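# I would like the atomic coordinates for the input below:
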Amino acid sequence: MIYRYKCDTCQTVYDIYQGIREKHEFECPTCKRLCKREWHAPQISVSNGGFYSATVGEYVKDYKDFDRKLDRTRYMTRMAKHLRRQNGYNRSPEQEWVDTRESKEAASRKRADRDWEESQAWLEKANKTAS
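Numbering: from 1, shown residues only. Next up is the predicted model:
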């Protein structure tokens, strides 16, 4: 994040890039004293008289446009859920992955059991013919 510091001695203002967890101290390069951090409003992205909305994931012109795009987003979300339900996919992607993984593991166990039974049958047959 970018923080603003002001030196009380020489009145110089600095905009410093620091991590959130870093110590918020800055030494003035001119007078070698600690600067005070100033609080200021963050800058926002404004373009063409609009603003970016993370909720709808695109730029909007005003709040009416925001409401219209939000309604469209909600409609598309509901439609996607309806189509998944209609096609029998009433699970989240994470649940689908878990179900697929479980079915693959079950098939693998089934194959291993079948191979074990075949090998046991072959051994019994081999023992009978050897006797």
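
# check the offset of whichever strand or helix holds residue 114 from the chain's centre.
In the assignment (DSSP states H and E), residue 114 maps to helix 93-130. Taking the mean of its C-alpha atoms, helix 93-130 sits 37 Å from the chain's own mean (Cα atoms, centre = their mean, to the nearest Å).

# can you point out the buried residues in it?
Of the residues in helix 93-130, none count as buried by neighbour count, 16 or more other Cβ atoms under 10 Å. Just so you know, the C-beta spots here come from the backbone N, C-alpha and C atoms, and that holds for glycine as well.

# could we number from 442 for the rest of this?
All right, first residue 442 from here; so that's helix 534-571.

# now do residue 549, the pLDDT please.
With respect to pLDDT, residue 549 scores 89.

# which residues touch residue 477?
Under the criterion of Cβ atoms under 8 Å, 6 or more residues apart in numbering, the contact list for residue 477 reads 446-449.

# from those residues, which is closest to residue 519?
Residue 519 has its nearest neighbour among the contacts of residue 477 in residue 446, at 48.7 Å by Cβ to Cβ.

# my guess is that closest one contacts residue 474, does it?
No - applying Cβ atoms under 8 Å as the test, residue 446 and residue 474 come out as separate, 11.0 Å apart.

# more neighbours: which of these two?
residue 446 (20 against 12; other Cβ atoms under 10 Å).
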